[in-house]
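Trainee: How does the following fold in three dimensions:
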Amino acid sequence: MTPDDELLTELRAVLDRLDPMPGRVRDAAIAAGALLGINWAELDLIAAPCVPVRGVREAWRGDGLVVELSNRITGLVTRDMGITHVELHSRDGAAILRLDAFGTFSADLPDGRVRLVLHRSNAVPLVSPWLR
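Mentor: I've put the predicted structure just below:
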C-alpha cells in the first residue's frame with residue numbers, strides 16, 4: 001500500500017465516521033439507477049475481524065458471503081444464494097470472477113476502491129458498497 005493509499009484510507013474512515021452517507025442519498029442513487037434500467041439490490045456487509053498474516057488485511061461478512069482483501073481479493077458464497085458469477089469493479093473497469101465447486105472466488109486486487117456485483121440465477125444482482 002502506498003503512502004497515498006494509506007492517507008486516502010485514513011481520510012475515508014474519518015469521513016465515514018464524521019459524515020456518513022445519508023440513507024436518502026443511497027436511495028436516490030438506487031432510484032437513479034432504476035431510471036437507467038439498472039436493476040440490483042444492495043448487499044449489506046459489515047467489517048469482520050481478521051488476523052493479518054502478512055501486510056494489511058480487511059474482511060467483511062454478509063448474508064451468505066465472506067470477503068477478504070489483502071494483495072488479493074478472496075470470497076466465499078453459500079450455494080443457496082444462487083450466485084452464477086461475480087464481477088469485480090475498480091477504476092480499471094470490471095473483471096468477471098468465476099466460482100469454483102466450493103463457492104470461492106479469487107483475483108489479484110486492483111489499486112484503489114473495489115466493489116462486487118454478485119449475479120444470481122434466480123434474482124437481481126447484489127451489489128456491495130465500495131470497499132477500501
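Trainee: Centroid-nearest residue for this structure?
Mentor: Nearest to the mean C-alpha position of the chain, counting by Cα atoms, centre = their mean, stands residue 115 at 3.5 Å.
Trainee: what's the helix or strand for that one?
Mentor: strand 115-120 (DSSP states H and E).
Trainee: before we move on, back to that, what's the pLDDT at the residue nearest to the centre of the chain?
Mentor: On pLDDT, residue 115 comes in at 90.
Trainee: Hmm, residue 94 and it touching each other?
Mentor: No: applying Cβ atoms under 8 Å as the test, residue 115 and residue 94 come out as separate, 9.7 Å apart. C-beta here means a position set from N, CA and C on the backbone, and glycine is covered the same way.
Trainee: Give me the common contacts of those two.
Mentor: Jointly contacting residue 115 and residue 94 under the rule Cβ atoms under 8 Å, 6 or more residues apart in numbering are residue 88.
Trainee: number of nearby residues for the spatially closest residue to residue 121 that is not a sequence neighbour?
Mentor: In space, not counting the residues next to it along the chain, residue 121 is nearest to residue 82; the distance is 4.7 Å by Cβ to Cβ, 6 or more residues apart in numbering. By other Cβ atoms under 10 Å, the residues close to residue 82 number 14.
Trainee: After the longest strand along the chain, which helix or strand is next? Please name it.
Mentor: When the chain is parsed with DSSP state E, its longest strand is strand 83-90. Using DSSP H and E, the next helix or strand after strand 83-90 towards the C-terminus is strand 93-97.
Trainee: Show the secondary-structure elements that that following strand is packed against.
Mentor: On a contact count with 3 or more Cβ pairs under 8 Å, 6 or more residues apart in numbering; DSSP states H and E, strand 93-97 meets strand 83-90, strand 104-108.
Trainee: Go through the ones you listed and name the closest to residue 59.
Mentor: Of all those, strand 104-108 sits nearest to residue 59, with 14.0 Å by Cβ to Cβ.
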